[in-house]
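Colleague: this one's sequence-less:
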């Protein structure tokens, strides 16, 4: 009996190893097959009229709600008695994995709960700097980023239209004072498009403390000039762009490289061969490399308030490589959401949470000194 039991254990161990090897080699193909919707795009139900003028249009906004995930702070920290005066617009990343539709409604409970987890571990880093506004939007599902189909493009256009409407409402509610724009992944894609369309808005430029467009490739040569924003090269620079994409060795960045090479920048020229923006969050752009000792603390947990905590400083170091990827100095064991190729995309903010918090406060202080 004992021998048979050991045979069963050995069989399942081999099966698990084979699965991991298959995922390592064919991860992108497997995800594409499993997650790209196989239905034709159809327009989702329209948003309720005036949604962004009401609390239900927002995951977070300064209306005093007790359970606002953006104002959550880990046990080791508290929000200052007097928070900064910035208005912060945050566009959350993809939290929907449906395959029977290309966009999810803002009332979808499953994607809504996951979006709140992302807000808790990402947008919360900016809460000390001011009031955080996080709109609900009819986001494109995860599979839309695994295909170049016209349906995927339509889904992203639909999602962007919601973000644009929410931003207009945000500006109406915040007509004066400093602004910080923050996003991740799908959110960053929409934020960059928004900035391109607002590139001639001089009043907005004057108010910008910084833009954090994390988890999306940005060409230094072909995107930033058209956006009218320089890269942040110092920790107290304002009116500049911050971005990074986290990987650990051995890194396989081929899926991003291939998509990046196919696309044109905002200036209409091919991006292929151009360096991507990489701002080391441990230095605020002041240096490309930083040891683990520069890390002031990262978040560990699943994004639920009760199970997410800030760990001691000194956990993970990072450096920007020549192509524009942020390379971690080791492969941390943070959970089950590391993507193929040692891609720590899901953890772009949690890995450097305390540094990002300090970065936003420092840049806000620098912006105020000039005003």
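Modeller: Looks like it came in fine. Please read all numbers here as calculations on a predicted model, not as lab measurements.

Colleague: quick one, what contacts residue 273?
Modeller: Taking CB atoms under 8 Å, 6 or more residues apart in numbering as the criterion, residue 273 is in contact with residue 261. To be clear about C-beta, it is placed using only N, CA and C from the backbone, and glycine gets the same treatment.

Colleague: The one 5 residues further on too?
Modeller: Counting by CB under 8 Å, 6+ apart, residue 278 makes contact with 243-245, 288, 320-321, 324-326.

Colleague: repeat for residue 190
Modeller: For residue 190, the contact set (CB under 8 Å, 6+ apart) comprises 91, 156, 159-160, 163, 183.

Colleague: Give me the secondary structure label for it.
Modeller: Assigned by DSSP: H, G, I helix; E, B strand; the rest coil, the conformation of residue 190 is helix.

Colleague: and it, what pLDDT?
Modeller: With respect to pLDDT, residue 190 has a value of 98.

Colleague: cool, and residue 76?
Modeller: 77.

Colleague: Would you verify that it is located in a helix?
Modeller: No - for residue 76, which was evaluated using three-state DSSP, the result is coil, with no helix membership.

Colleague: Number of residues surrounding it?
Modeller: Residues near residue 76, counting by other CB atoms under 10 Å, number 11.

Colleague: in the protein, what spans have low per-residue confidence?
Modeller: For the chain, applying pLDDT under 70 flags the ranges 1-33.

Colleague: now the strands: where do they sit in the protein?
Modeller: If you assign secondary structure with DSSP state E, the strands in the chain sit at 58-60, 86-91, 130-135, 179-184, 208-214, 240-242, 246-247, 289-290, 299-300, 309-310, 318-320, 326-328.

Colleague: measure residue 355 to residue 294 for me?
Modeller: Distance from residue 355 to residue 294, counting by CB to CB, to the nearest Å: 8 Å.

Colleague: Over to residue 88?
Modeller: With the distance defined as CB to CB, residue 88 ends up 24 Å from residue 294.

Colleague: Equivalent analysis for residue 201, please.
Modeller: Applying CB to CB to residue 201 and residue 294 gives a distance of 35 Å.

Colleague: related to what we said a few turns ago, now render the strands of the chain as TSV, adding mean neighbour count.
Modeller: What follows is the strands of the chain, written out as TSV (neighbours: other CB atoms under 10 Å):
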stretch	mean neighbour count
strand 58-60	25
strand 86-91	26
strand 130-135	24
strand 179-184	25
strand 208-214	26
strand 240-242	23
strand 246-247	25
strand 289-290	18
strand 299-300	22
strand 309-310	16
strand 318-320	22
strand 326-328	22
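
Colleague: now those strands in TSV, with distance to residue 79?
Modeller: Putting these into TSV (distance: least, CB to CB, whole Å) gives the following:
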stretch	distance to residue 79
strand 58-60	13
strand 86-91	13
strand 130-135	11
strand 179-184	16
strand 208-214	18
strand 240-242	22
strand 246-247	26
strand 289-290	26
strand 299-300	16
strand 309-310	14
strand 318-320	27
strand 326-328	28
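
Colleague: The residue nearest to residue 158 when sequence neighbours are not counted - how many residues pack around it?
Modeller: Nearest residue to residue 158 in three dimensions, chain neighbours excluded: residue 103, at 5.3 Å (CB to CB, 6 or more residues apart in numbering). Applying the criterion other CB under 10 Å, we find 27 residues in the vicinity of residue 103.

Colleague: pretty sure residue 103 contacts residue 142?
Modeller: No - under the criterion of CB atoms under 8 Å, residue 103 makes no contact with residue 142, lying 11.8 Å away.

Colleague: ok, of the contacts of residue 190, which one's closest to residue 257?
Modeller: residue 156 (20.5 Å; CB to CB).

Colleague: and that closest one, how far is that from residue 287?
Modeller: In this structure, residue 156 and residue 287 are separated by 35 Å, where distance is defined by CB to CB.

Colleague: Those two: which has the busier surroundings?
Modeller: In terms of neighbours (other CB under 10 Å), residue 156 is the more surrounded of residue 156 and residue 287; the figures are 20 against 15.

Colleague: could you measure the residue nearest to that one when sequence neighbours are not counted against residue 119, distance?
Modeller: For residue 156, ignoring the flanking residues on the chain, the nearest one in space by CB to CB, 6+ apart is residue 140 at 5.0 Å. With distances taken as CB to CB, residue 140 is found 18 Å from residue 119.

Colleague: So between those two, which is more surrounded?
Modeller: residue 140 (29 against 24).

Colleague: The more buried one reaches residue 97, doesn't it?
Modeller: No - contact status for residue 140 versus residue 97: not in contact, 11.3 Å apart, counting by CB under 8 Å.

Colleague: Ok, which of the strands of the chain comes nearest residue 76?
Modeller: Residue 76 lies closest, by CB to CB, to one member of the strands of the chain: strand 309-310, at 4.9 Å.

Colleague: if we can go back for a sec, need the contacts of residue 278 in a markdown table with distance to residue 264, can you?
Modeller: Listed next are the contacts of residue 278 as a markdown table, based on distance: CB to CB, whole Å:
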| residue | distance to residue 264 |
| --- | --- |
| 243 | 18 |
| 244 | 22 |
| 245 | 19 |
| 288 | 27 |
| 320 | 24 |
| 321 | 24 |
| 324 | 17 |
| 325 | 21 |
| 326 | 24 |
